[in-house]
Every structure is written in structure tokens, then in C-alpha cells.
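A.B. asks: below are the sequence and a predicted model for it; my questions follow.
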Amino acid sequence: PGVEAAPAAPSGEKDSVIVAMNADPTGFDPQVTLDATAMMVMYNIYDTLVESDGACSSDIRPGLAESWDISDDNMVYTFHLKSGVKFHNGEPFTAADAKFTIERAMVEPATASYCASIDKVDAPDDSTLVVTLKVPFANFLMNLGGSFFGVVNEKAVTESGEDYGRNPVGTGPYKFVSWSSGDNVVLAYNEDYHGEAPAIKNVTYRVLPDTSTALVALQNGEIDALPNSAPIDAPTIEADPNLNLYSAPGATIAYIGFNTQAAPFDNEKVRQAVKYAINKEEVFMGAQDGDGVLANSPLNEVMDGYNPDDPVMNPYDLEKAKALMTEAGYADGFEMELASDGFSCSIKLAAGQNREKVAQVVQAQLKEIGITASIETLEKGTYFEQMAVGNYEVYVGGLNWPDADDMLTYLFASDGPFNWGSVYSNPTIDELLVKARQENDAAKRSEMYQQIVKITDEDANKIPLYFPNQYFAAKNSLKGVRVIDNCYYPVASWSWE
């Protein structure tokens, strides 16, 4: 659908920005889309009830809710909503839309586990929303500020049906204008926006999967910003007087995952053998040139429950790996397929070529224990479809969540979105996750997360590899950029010097 562009800025004042994306989005439906490139766009189209820097901060600020009350037992949240807010289609925002959004998130496969603590949602009047939980959840408000709770308009969703992801309607600072698959996404300023008018009025996202090509485009002035720039390009960017490089410790984990219901990976000894056969440092250097940190856990320093001295996630031991293969009955090895989408296996994307590099290094390492692995590179949409139904053996994965509950739930809960095909289930982990959400004592919650990490190491469902640092390159005249998360970049906070 066409949307008129915002009025031009006064002569000489730049009011547009071109941002690179490392993959084509899969759609812009916040309750459906498991795609970090899409989230980068959606955070600018949709608002959430509260602001928490994309579910990355415990500093909770008003969003579409001006204020809220919490019951003494921490089970009932009553939100008092902003008045006079309009959706991009001209419809008024009411509590009914917020109710529709959360109830939709409760049943959609991508977000259902995210809503496990929610019992019911009520809208007693247009400006009041009441959310009742099944059990207390310490991070409820923080999570409510994540992209999955981007508030949608019930009328727009109903009218567009399955095509809604190509016709998104929010209340955010920017309206959707167009999407040329494989090329670009265009947004324009929402003249009816309820917040402060942004300096940037027009946003174009260009699909540039190759990081080298994207960097050249930035240097040549064809684009203005390059989120998730490659670590290897950091020295080049820092040496360029026209560019700024922003960085932060990353919460994106690169890992190897198994289909634990598919032979031979239904055999724990085989999974353990693969774990000991992988030289993480070699993978880390090959894929990242050593930029970031090796993982001794699915958690890292930015998350609750991380223990830097944790002895789990055992180190490389080729002889032990061979012995385990023999014990499992595969002394002569076997053949398998290693799935990689070539640039992303996750809600939050890392640099494109790195996933491919990980697969190649692991492929060579597995030969040492008799496993012949072929690499299947899939288009992202096809990759998600096949993974969702458990059509895989081994894959190279990546997931970004700075919150321990989200990271562990996505990867290891029986209904976790990145427990692809729901192939893995450990009732003890499920129980610990529920208890941790209800525990307000941070120390006790961390102990539970550490128990989960230990169990996942014993089960060898996934092998944590490393956490890359996070980079964002931009023209040095672009101000207001913050690196918080690899897909949370609110353009409304940017401006040109």
C-alpha cells in the first residue's frame, strides 16, 4: 500500500537515512516473525505498552501505557493507556487492540512460550488494560517492551489476513511505505505520531548480504549506517575519518544444535562425541578472527546466572570423542547433513558469512571422528520452515537475548521457539525455568539458571561456541546511535549533525 512521503526538510537540512540490512526480511508481523532483520524495521513501525530498550533493560519507561499499577501479589498489572493515539490506518488505539495483541501473542507459535506466565487479558474500557498472570514473573514488564509485543491494530490484521506481514500497521514514528523483496524496505514519518517528531523523516533499508559490499557502500556514501558490521572490518572503519564505529559486548550466541529425535543424534554419546570433537577456539578464530569471547555456557557476562569459572561445556578432547563414538557403536563413523542458512540461524542475526565459516570449520573437525558432513545452505524463509518442523540433523545456530530467562527458554524449554521442532524436552529444565521466573531474589534465580546450564551440558542438546562483539558503523555526522541489541535501533532517536 502506498503512503505519502513526509514533507521535505528545509533546504540544506538532511532528513533521510539509508540503513543496510544483511538479509531480506521475512515479514513485519511482530507476533509471527522470528527474524532479526525484520525486528530492526518493526521497532520503528510499532510501539509497545512500555519501553525497555527492546526487552534489554530493566529501566522501564512509559510507552503506549502512561502508567501502571501492580497488585500486592505481583499477579495483576493494570495499565492506563495514552489517549488520542492513532494507528497508521487512521484507526484509534484502544485497550481492545492491546488485548488483541497480547492474546494473539499467547497463541502464535513464535511467541506462545514468551507468554507462558499470562493467564488472561481484560479491557474494561478503552483506556484500561488488565493483565493477570498465572504466577509472578519478575521480568514481565521488561519483556513487554520487546518486539513480540508490538501493538497491532485488530482491524488491519483481520482485513489483511495472511498478508498482514506485508502490510504492517502500527502506532510508531514511521509508517510502512513499501517492500521490494531482496532490495529495500521504505518507511516514512507518521504525521499522526503521538510522541516527539523525529529529525529523520524518511528511512530506507537496503538489503546488502555481503559485508564487504556493504562496507564499500558506506564508504562511498551509498548508505549511511551499517548495523552488525563485520569484526574483520573494524580497523578499516576506525581508520576512516568519515565514519564512526560503535561497539558493545554481544549477547548473540553462536552454537551447534542437534535434532535429538533423529538418529544417530538421539544417542547422547554421539552428541557428546561431537561436543568433544569440536575445537571451539579454532572455530572462533576461523569465524570471528578471535573477536568476542569463547562460550563456556549458553550465558555470558551480560546475563544473570553467568559463571565465568563454570567448568561445564567441556573442552576439546579428540581421543575422548573417538572413544564415545566407539561406545555409541559408530567406530567407523557415518555421513550426515549440516544445515546452515549462510547468514543466520536465529531471531537475532550475526554477520552473514560467519555462519558459513562455522559450518566449514566444524565440517573439517568432524572428519577426525569419522563423520562426513555435507553443508546445505538454505534461503532464510525455507530454513525457518524446515527447522520449525524438525527437518534437520545438525545446524549452526545463533540467538540474541541479553536476558537469561529468554536465552534459556528459547533454546531449551520444551516449547522454546529455538527448540526447533520441539525435539528436546527435559521436565527438570521446564520446572526450573518456571521457578526462576517467579523468584525475585536475584541470587537464587542465578542458582537456578546455573543448574539449567549444567543439565544442558550433560544432555548435549546444543554446543555453545562463542559470543561475538557487536558492531555498528555509520557516517560520523549521524548522531544518537546506541548499540544495545543487534536489532534494536530506534531511528527516531537519530539526527544529522
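C.D. replies: It's in.

A.B. asks: list the strands paired with the host helix or strand of Leu187, with their directions.
C.D. replies: Assigned by DSSP states H and E, Leu187 belongs to strand 184-189. Strand 184-189 has the following sheet partners, assigned by DSSP bridges: strand 174-180 (antiparallel), strand 202-207 (antiparallel).

A.B. asks: hang on, Met336 in a strand?
C.D. replies: Yes. Using DSSP: H, G, I helix; E, B strand; the rest coil, the assignment for Met336 is a strand.

A.B. asks: who does it bridge with?
C.D. replies: Going by DSSP bridges, Met336 is paired in beta bridges with Ala373.

A.B. asks: check it and give its pLDDT.
C.D. replies: Reported pLDDT at Met336 in the predicted model: 71.

A.B. asks: give me the number of residues near it?
C.D. replies: Residues lying near Met336 (other CB atoms under 10 Å) number 18. Yep, even glycine has a C-beta here, placed from its N, CA and C like the rest.

A.B. asks: and Ala239, by the same measure?
C.D. replies: Around Ala239 there are 9 residues (other CB under 10 Å).

A.B. asks: repeat that for Thr158.
C.D. replies: 10.

A.B. asks: residues touching it, list them.
C.D. replies: Applying CB atoms under 8 Å, 6 or more residues apart in numbering, we find Thr158 in contact with no residue.

A.B. asks: got phi/psi on it?
C.D. replies: Per-residue torsions, Thr158: phi -60, psi -40 (degrees, to the nearest 10).

A.B. asks: output the below-cut-off pLDDT ranges for the stretch 101-250 of the chain.
C.D. replies: In the prediction, the stretch 101-250 of the chain carries no residues with pLDDT under 70.

A.B. asks: mind listing the helices for it?
C.D. replies: 140-144, 154-160, 211-219, 234-239 (DSSP state H, counting those that start in this stretch).

A.B. asks: look up the closest residue to Ala194, ignoring the ones flanking it.
C.D. replies: To be clear, residue 194 is His; Ala isn't right here. Sequence neighbours aside, Val85 is the residue nearest to His194 in space, at 4.6 Å (criterion: CB to CB, 6 or more residues apart in numbering).

A.B. asks: that neighbour: what's it in contact with?
C.D. replies: Taking CB under 8 Å, 6+ apart, we find Val85 in contact with Leu64, Pro92, Phe93, Thr171, His194.

A.B. asks: now the strands for the stretch 251-400 of the chain?
C.D. replies: Applying DSSP state E, counting those that start in this stretch to the stretch 251-400 of the chain gives strands spanning 252-258, 293-294, 334-340, 371-377, 394-400.

A.B. asks: can you count the residues close to Gly333?
C.D. replies: 15.

A.B. asks: which two in the contacts of Val85 are spaced the farthest apart?
C.D. replies: Maximum pairwise distance in the contacts of Val85, criterion CB to CB, is 12.1 Å, between Leu64 and Pro92.

A.B. asks: excluding its backbone neighbours, what's nearest Tyr114?
C.D. replies: Per CB to CB, 6+ apart, closest to Tyr114 is Phe148, 5.5 Å.

A.B. asks: actually Gly305, not the one I wrote
C.D. replies: Tyr449 (2.8 Å).

A.B. asks: for Asp126, same thing?
C.D. replies: Taking CB to CB, 6+ apart, and ignoring the residues beside it in sequence, Asp126 has Thr94 as its nearest neighbour in space, at 4.2 Å.
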